[in-house]
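Trainee: Sharing a model prediction with you, sequence too.
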There are 4 protein chains.
Amino acid sequence: MNTDSFSAQQRHNRGSNRRAHMRETLLQSAKSMFAERGYHDTSIAEITTRADMGVGTFYLYFKDKEEIFETIIVEGIEHIKTLVQEEVASAPEHKFETFFRSILKFAYSDRELFRIALTGEGQKQIAVRAYGSVNDGIIELLNDAVERGYLGNEYPLELLAHFLTGMLNQTVIYWFMFDEPKSDAMADYFIAFLKNGVPSALFDV
Amino acid sequence: MNTDSFSAQQRHNRGSNRRAHMRETLLQSAKSMFAERGYHDTSIAEITTRADMGVGTFYLYFKDKEEIFETIIVEGIEHIKTLVQEEVASAPEHKFETFFRSILKFAYSDRELFRIALTGEGQKQIAVRAYGSVNDGIIELLNDAVERGYLGNEYPLELLAHFLTGMLNQTVIYWFMFDEPKSDAMADYFIAFLKNGVPSALFDV
Amino acid sequence: MNTDSFSAQQRHNRGSNRRAHMRETLLQSAKSMFAERGYHDTSIAEITTRADMGVGTFYLYFKDKEEIFETIIVEGIEHIKTLVQEEVASAPEHKFETFFRSILKFAYSDRELFRIALTGEGQKQIAVRAYGSVNDGIIELLNDAVERGYLGNEYPLELLAHFLTGMLNQTVIYWFMFDEPKSDAMADYFIAFLKNGVPSALFDV
Amino acid sequence: MNTDSFSAQQRHNRGSNRRAHMRETLLQSAKSMFAERGYHDTSIAEITTRADMGVGTFYLYFKDKEEIFETIIVEGIEHIKTLVQEEVASAPEHKFETFFRSILKFAYSDRELFRIALTGEGQKQIAVRAYGSVNDGIIELLNDAVERGYLGNEYPLELLAHFLTGMLNQTVIYWFMFDEPKSDAMADYFIAFLKNGVPSALFDV
DNA sequence: AATGAATGAGTGTTCATTCAT
DNA sequence: CATGAATGAACACTCATTCAT
C-alpha cells in the first residue's frame, strides 16, 4: 500500500466517519427535541440548531421529518432488542424472567425513546410498530414455552402478551413521573406480580 | 312573576338549551374527526363543517382546539367514571372485580374515546391525565382494601395500580386490532390473570 | 319583498361584489408583478402585498400560483378574443383586415398580458395555448376564405397561420422596446406587408 | 526552449484542451437538460451529474446558472450566424434569399437551441437578445439593399426586420409541434410568402 | 348569537453557491 | 484542479384565530 492510496483510504474513512457522526448527531438532537416537545412541536430548524448545523444539512441525511422520527424509533427498538436477546441468550435457564428484567433495565435507561414512541404520533403506525415489536418478543417466548410443554392454553397467547406489554408500557409511563423504584427493584415487583397476580383477598372486596 | 319575566325565563331556557345543544354537536363532531384522523390532522374548519356550523361559531364554545380536545377526554372519562361507580356501588360484595368488568365494558363501548386519548399526541399530557383518572380509581379501591385489611403491603399501591392500568390500556389497544373477545369474555381472562398471574412453570423457561 | 330579505339580498350582493373585487385586485396585482419580474421571480407575498392583502387571502381565491398565472392568460386572451370578434362582426366586408387591425389594437393596449405569456413560462403549455388561440382565430378566418373561394391552396393553411401569428407576436415584442408606431400606423404597415410581401427587388440582392 | 518550458507548454496545452473540453461537456449537458426540462426545473446538480462531474466543478467554468444559460444561447446563435454568413457569402447574387434558406436550415438542425431560448423564461432578456441577433442580421441585409438602391422606404427597416424575425421565430415553434415540412420545403413556402404576401382576394373577405 | 372572509405567523423543503480537503 | 458536503436564504402553502357584519 503506497502513501497515496493510504491517504485516500484514510480520507475516505474520515469522510465515512464524519458522515456517520453527522447522522448520529442529528438523531440525538431530534431524539431529545421530540422527547421534550413532541413530534409536531419540533421544527427541523430546531433540530439542526441543536445539532449545530444548517437546515439544509438535515436533508442530506434524512428524506424528511417523518423519516428521522421513524429511524429513531426503529433503530432504538432494534438496539434494545439486540441487548435483550443477548441477555436472554446468556441465561438459558431463565429466559422468561430474564426477558422482563432485561427489557425493564434497558427501557429505564432509554426512557426518552419510549416517551417519543408514546407521545410522538408521527405516522400513527410507528408507535404501534414499536409496541408490536415488544409484543412479538413476548409471543415468541410464550410460543417456545408452549412447544416445550411449560404452558397450556390458559389464555389466548396474543391476549396474555398484550397484558404483559401493557404492564411494561405503563411501567415506563410510571417512570415519566417517578424515578423510583429503579429498574431492578421494579423488576422484582413486576415478576412478583406475574407469579402471583393480585392477592386473592381482593376478590372478596 | 309577570309575563315579561316569564317569557324572558323561557327565552333564557331556550337559549340555554340551544347553547348546550350546539356545544354537544361540536363535541361529537370533534370526537369523530379526532378518532378518524388524529388531533393534528383535524382542522377546526373540518369540525365545524361536520357540525354544520360556521368556523367562527367554534370559538363561542371553546377557547381553542386544545380545549375541545381536553374536554372530550375529561368529560368522556368523567362519564365512564360515573357509570363504573354506579355499577360498583350496586355490587358492594365484589367491588374489585366489578370495577374491572365494568371499566372493560364501558371502554369497549367507547373505544373511540380511548383511541383519541392514545393517538392525540399526549397534547400537554392530557392522555396521561386520562389514564391518571383510571389509575386514581384503582388506587382508591386498593386503599379501601388496605383499610379494611384485605390487602397488605405486598406492592406499593401506586405501582400495582399502574400494572393494572397498563393492562386495561393495552386491552383497548388490542381492541383497535381485533374485535374479539368482546368485553365479557375479555373480562374473564383479565380477572383470571389478576387472580393467578402467569403459570409458574414459565419461570422454569 | 320585505326589508329583511331585501337587506339579506343586499348583503349577499355586497359580499358577492366584494369577492369579485378581491379577485380582480389579486389578478391585477399578479399581472403587473409577472409583467415586471416574470413568473418565477414573483412571490405570492409580493402579489398580496401589492394587492394590500394578507398572504393567506390569496389562497381563498386561487388554488396556487400556477392557477392565477393560467387565469391571467386565459381570461386575458378570452377577453381580447371577444373584443376582436365584436369588431370583426361589425365589419363583415373586411373581416380579414379588421381581424389584424383589431388584434393589433387590443394587443397594444394590453401589452402587459403578452409580455407575461411570452416570458412567463409557468407550466410551459400555457403560453403555447395563448398563441394557439390567436393561431386558431387566423385559421378559422382562412378556412372561411377557402370555403367561400377566396383562397386556394397556395400554402398549407396551418403554415400561413403560423407566419401571421409570428408577425403579430414579434410586433408585440417590438412594442416592448419601442412605443412607436402605435397600433394604427403599425396596422397599416402590417397590412401593407401582407398585401405585397417584400419588394421583389430584394431577391436580386 | 528548454525541456522544462517545453513540458510546461505541453502541460499547459493539455490543461488548456482539458479545460476547453470540460467547458464544452458542461455546455452540452446543460443544453440538453434545459431543452428537456426548462431553465427553472433544471438544477446545477443535474447538469453536473449528466456531465459526470462534481457540483463544485461547475463554478470553475461558469459564474452561475445564468451565465451558462446565456453562453448556450449566445454561442449557439454566434455559431449559426457564422454558418449562415458563410453560405450567404458563397451566393453573392442571392444573398437575401440565401439568408433565409440558410437560417431555416440551421434552425431546423438546432431546434433544441431555439426551444431553450423560447422556454428559458427570457432570463434577463436573453431570448430577446438572441432574436436581436437574428434581427440585426436581417437589418444589415436590408441596409445593404437600401444602399445599393434595391429597397426604398416602403417600411421602416426595423419594423420589416421584426416581421421577418417573427416569421422565422414562429416557424421554429411550428417545428416544435410538427416535423414537416422540413427546412427546404419550408423555405420555399417562406420565400413565396415574402415575395407575394397573402392572396389579395383575402382582403375582400 | 352566528358567520366566514381575512389574516399572517409558522414550517417543511429546495437548491444555488461556497469552501475545506 | 476537482470535489461534494454544508449552508441558509427563499418560498409556497396551511390553518388556528379574529372580527366586522
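Mentor: All right, it came through fine. Values in this document were obtained by computation on a predicted structure and should not be read as measured data. Residues are numbered from 1 along each chain as shown, chains lettered A, B, ... in the order given.

Trainee: helix or strand for residue A:146, which one?
Mentor: helix A:125-147 (DSSP states H and E).

Trainee: Next secondary structure element downstream of that helix?
Mentor: helix A:157-177.

Trainee: now the angle from the helix or strand just after that next one to helix A:157-177?
Mentor: The first helix or strand that comes after helix A:157-177 along the chain, using DSSP H and E, is helix A:183-196. Interaxial angle of helix A:183-196 relative to helix A:157-177 (axes from the mean of the first three to the mean of the last three CA atoms, to 10 degrees): 150 degrees.

Trainee: which strands and helices sit next to helix A:183-196?
Mentor: helix A:95-109, helix A:157-177, helix B:157-177 (3 or more CB pairs under 8 Å, 6 or more residues apart in numbering or on different chains; DSSP states H and E). Every residue, glycine included, has its C-beta placed from N, CA and C.

Trainee: Phi and psi next, for the most centrally placed residue in chain A.
Mentor: Among the residues of chain A, the one closest to the centroid is residue A:77, at 3.6 Å (CA atoms, centre = their mean). When read as degrees, to the nearest 10, the backbone of residue A:77 gives phi -60, psi -40.

Trainee: tell me the contacts of it?
Mentor: The contact partners of residue A:77, by CB atoms under 8 Å, 6 or more residues apart in numbering or on different chains, come to A:113, A:130, A:133, A:134.

Trainee: Tell me how chain A divides into domains.
Mentor: Following automatic domain parsing, chain A resolves into domains at A:1-62, A:64-197.

Trainee: Let me have those in JSON lines, extended by mean pLDDT.
Mentor: Output for those, formatted as JSON lines (pLDDT from 0 to 100):
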{"stretch": "domain A:1-62", "mean pLDDT": "86"}
{"stretch": "domain A:64-197", "mean pLDDT": "90"}
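
Trainee: now, of these, which is deepest in the fold?
Mentor: domain A:64-197 (a mean of 18; mean count of other CB atoms under 10 Å in any protein chain shown).

Trainee: That one and DNA strand F in contact?
Mentor: No - using CB under 7 Å from any atom of the strand, we find that domain A:64-197 stays clear of DNA strand F, coming within 13.7 Å at best.

Trainee: Start and end of that domain, how far apart?
Mentor: Taking CA to CA, to the nearest Å as the measure, domain A:64-197 stretches 46 Å from start to finish.

Trainee: Straight-line length of stretch A:86-97, end to end?
Mentor: 14 Å.

Trainee: What strand or helix carries the residue of chain A found nearest chain D?
Mentor: Proximity of chain A to chain D (CB to the nearest CB) peaks at residue A:60, 12.3 Å away. Using DSSP H and E, residue A:60 maps to helix A:55-61.

Trainee: Let me know whether residue A:118 touches residue A:170 as I believe.
Mentor: No - Residue A:118 lies out of contact with residue A:170 (CB atoms under 8 Å); the separation is 10.3 Å.

Trainee: got a list of what residue A:183 touches?
Mentor: Residue A:183 neighbours (CB under 8 Å, 6+ apart): A:101, A:104, A:105, A:107, A:108, A:109.

Trainee: centre of the chain versus stretch A:18-29, how much separation?
Mentor: 19 Å (CA atoms, centre = their mean, to the nearest Å).

Trainee: Apart from its neighbours in sequence, what residue is nearest the residue of chain A closest to chain D?
Mentor: residue A:22 (7.8 Å; CB to CB, 6 or more residues apart in numbering or on different chains).

Trainee: if I look at the one you found, how far off is chain C?
Mentor: 32 Å (CB to the nearest CB, to the nearest Å).

Trainee: Hmm, residue A:57 and that residue touching each other?
Mentor: Yes - if you go by CB under 8 Å, residue A:22 and residue A:57 touch, sitting 7.2 Å apart.

Trainee: Quick check: residues of chain A near DNA strand E?
Mentor: A:11, A:14, A:41-45, A:55-56, A:58-59, A:64-66.

Trainee: Can you flag which of the residues you listed belong to helices?
Mentor: A:11, A:14, A:44, A:45, A:55, A:56, A:58, A:59, A:65, A:66 (DSSP state H).

Trainee: List the residues that contact the third one.
Mentor: Residues near residue A:44 by CB under 8 Å, 6+ apart: A:55, A:58, A:65.

Trainee: Tell me the one of those residues nearest residue D:140?
Mentor: residue A:55 (53.1 Å; CB to CB).

Trainee: which residues does the closest one contact?
Mentor: A:44, A:45, A:48.

Trainee: Roughly how far does it sit from chain B?
Mentor: Residue A:55 is 22 Å from chain B, by CB to the nearest CB.

Trainee: and the angle for the helix or strand where residue A:79 lies with helix A:125-147?
Mentor: Secondary structure from DSSP H and E places residue A:79 in helix A:65-89. Calculated by the same axes, to 10 degrees, helix A:65-89 forms an angle of 20 degrees with helix A:125-147.

Trainee: got the angle between helix A:65-89 and helix A:95-109?
Mentor: Using the same axes, to 10 degrees, helix A:65-89 lies at 140 degrees relative to helix A:95-109.

Trainee: Helix A:65-89: how far from the chain's middle?
Mentor: Relative to its chain's centre, helix A:65-89 lies at 5 Å (CA atoms, centre = their mean).

Trainee: Same check on stretch A:103-114?
Mentor: 7 Å.

Trainee: Over to stretch A:129-149?
Mentor: Offset of stretch A:129-149 from its chain centre (CA atoms, centre = their mean): 16 Å.

Trainee: what's the answer for stretch A:21-30, then?
Mentor: That offset, for stretch A:21-30, works out to 17 Å (CA atoms, centre = their mean).

Trainee: That one close to DNA strand F?
Mentor: Yes - interface with DNA strand F: stretch A:21-30 contributes residue A:22 (CB under 7 Å from any atom of the strand).
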